[in-house]
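**Student:** how does the following fold in three dimensions:
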Amino acid sequence: MEKLEALKISSMRPRSNILDRPLSKGKSEVSQSIVALLFSEIVQYSQSRVFTVPELQTRLHDLGQDVGTRIIDLYFVRERSSKRETKLTQMLLFVKTTVWKNLFGKEAEKLEHANDDERTYYIIEKEPLVNTFISVPKDKGSLNCANFTAGIVEAVLTNCGFPCKVTAHWHKGTTYMVKFEDFVIARDKQMEEK
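**Tutor:** Reported below is the predicted structural model:
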């Protein structure tokens, strides 16, 4: 009789769904060396299917976009209490802090606005995790595996209503150049006027 009641009580408890667990709990479950190994395999797999460094960087960027789309969906499913950012600066700060912490365990170092172009912003990271464990051969010296992260950032911003193009460059470590569509800047100016 007691077993039956215990079974009844345990079946009435809500079950924890994997989508209900916050992202912050997940980052301590995966070691950095496993992430490095998996990313290394992604780079090697991609490299075997292309012929030039630009093709490899484009392939990594595309894979990053797939990851970014899933990351932002997962974030908003798990973190139901968070609000959707509608202003450009706040969205960029969300990427620099929250998204970066969930992906890499730390914030990006800097967020800067270009002086000569109002559509361009820079996210600066001195030592990206994706470049840490990759040794680039001399014949592929210009390869920057941070294009994978650039794809993630582009997908996150685009899927949140801020269409842009993001590229990775070697400058002050790695700089992600975020160039927004014209209407995003116009919409942001309109919102500031209200």
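
**Student:** center of this protein, which residue is that?
**Tutor:** Centroid-nearest residue in the chain: residue 152, 4.0 Å away (criterion: C-alpha atoms, centre = their mean).

**Student:** look up the closest residue to that residue, ignoring the ones flanking it.
**Tutor:** Nearest residue to residue 152 in three dimensions, chain neighbours excluded: residue 68, at 3.8 Å (C-beta to C-beta, 6 or more residues apart in numbering). Any C-beta I mention is one placed from the backbone N, CA and C, and that applies to glycine too.

**Student:** contacting residues for that neighbour?
**Tutor:** 151-156, 159 (C-beta atoms under 8 Å, 6 or more residues apart in numbering).

**Student:** quick one on the thing from earlier: distance of the residue nearest to the centre of the chain relative to residue 40?
**Tutor:** 17 Å (C-beta to C-beta, to the nearest Å).

**Student:** what does residue 141 give?
**Tutor:** Going from residue 141 to residue 40 by C-beta to C-beta gives 18 Å.

**Student:** so where do the strands sit in the chain?
**Tutor:** 110-113, 120-125, 164-170, 174-180 (DSSP state E).

**Student:** tell me how many other residues crowd residue 77.
**Tutor:** Using other C-beta atoms under 10 Å, residue 77 has 12 other residues around it.

**Student:** just the angle between the longest helix belonging to the chain and strand 164-170, please?
**Tutor:** Scanning the chain for the helix with the most residues, using DSSP state H, yields helix 53-78. Computed by axes from the mean of the first three to the mean of the last three C-alpha atoms, to 10 degrees, the angle separating helix 53-78 from strand 164-170 equals 120 degrees.

**Student:** would you mark the buried spots in helix 53-78?
**Tutor:** 53, 56-57, 59-61, 63-65, 67-69, 71-72, 75, 78 (16 or more other C-beta atoms under 10 Å).

**Student:** and stretch 162-172, by the same measure?
**Tutor:** Going by neighbour count (16+ other C-beta under 10 Å), the buried part of stretch 162-172 is 162, 164, 166-168.

**Student:** correct me if wrong: residue 145 contacts residue 130.
**Tutor:** Yes. Counting by C-beta atoms under 8 Å, residue 145 touches residue 130, with 4.9 Å between them.

**Student:** give me the common contacts of those two.
**Tutor:** Common contacts of residue 145 and residue 130 (C-beta under 8 Å, 6+ apart): residue 39.

**Student:** so which of the strands of the chain is nearest residue 136?
**Tutor:** The closest of the strands of the chain to residue 136 is strand 164-170. By C-beta to C-beta, the value is 11.0 Å.

**Student:** tally of neighbours for residue 177?
**Tutor:** Other residues close to residue 177 by other C-beta under 10 Å number 18.

**Student:** state the distance from it to residue 133.
**Tutor:** 24 Å.

**Student:** separation between residue 126 and residue 95?
**Tutor:** For residue 126, the distance to residue 95 - C-beta to C-beta - is 17 Å.
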